[in-house]
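> Need a 3D model of the following:
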Amino acid sequence: MKLTGNLDAAQVTAWWPERAELFRQDNVDVSAVNKIDSSGVAFLVKWAQTCQTNHQRLLIQGASPELVQLISLYGVSALFDLDLPQ
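Coordinates of the predicted model:
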């Protein structure tokens, strides 16, 4: 699954009704995400928790330095596998 645009409160609200479909996947490419806020991180946390209930881990591909920093600041790094861009 490739996410594009902003991963913020407005976009999370738009995707929320489709979360069951999105959360079936255990990887997400965020390389085309322009901006992420705390709502976006919370969305990824919920996605990771859903993966854990299925004995999987969420792989985040293409995470920007800003996203990596937010994940670290919120103390949720352990929930994700990160595939950082080279």
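> So what's the residue count around residue 50?
Other residues near residue 50 number 18, with proximity taken as other C-beta atoms under 10 Å. From N, CA and C alone the C-beta is placed, and that goes for glycine too.
> Where is the longest helix in the protein?
helix 38-53 (DSSP state H).
> Who are the packing partners of that one?
strand 2-7, helix 9-15, helix 19-22, strand 27-36, strand 58-61, helix 65-73 (3 or more C-beta pairs under 8 Å, 6 or more residues apart in numbering; DSSP states H and E).
> Residue 46 is nearest to which of these?
Counting by C-beta to C-beta, residue 46 lies closest to helix 19-22 out of the helices and strands packed on helix 38-53; the figure is 7.4 Å.
> CA atoms of the longest helix of the chain as CSV?
Extracted C-alpha coordinates of helix 38-53, given in CSV (Å, rounded to 0.1, in the frame of the first residue of the first chain):
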residue,chain,number,x,y,z
SER,A,38,0.3,13.2,15.5
SER,A,39,-2.9,12.0,13.9
GLY,A,40,-0.9,10.3,11.2
VAL,A,41,1.4,8.6,13.7
ALA,A,42,-1.7,7.5,15.7
PHE,A,43,-3.1,6.0,12.5
LEU,A,44,0.1,4.1,11.9
VAL,A,45,0.1,2.9,15.5
LYS,A,46,-3.4,1.6,15.2
TRP,A,47,-2.4,-0.1,12.0
ALA,A,48,0.6,-1.7,13.7
GLN,A,49,-1.6,-2.9,16.6
THR,A,50,-4.0,-4.5,14.1
CYS,A,51,-1.0,-6.3,12.5
GLN,A,52,0.1,-7.5,15.9
THR,A,53,-3.3,-9.1,16.6
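> Now residue 45: closest residue in space that isn't a chain neighbour?
residue 76 (5.4 Å; C-beta to C-beta, 6 or more residues apart in numbering).
> neighbours around the one you found, how many?
Quick note: residue 76 (other C-beta under 10 Å) scores 16 neighbours.
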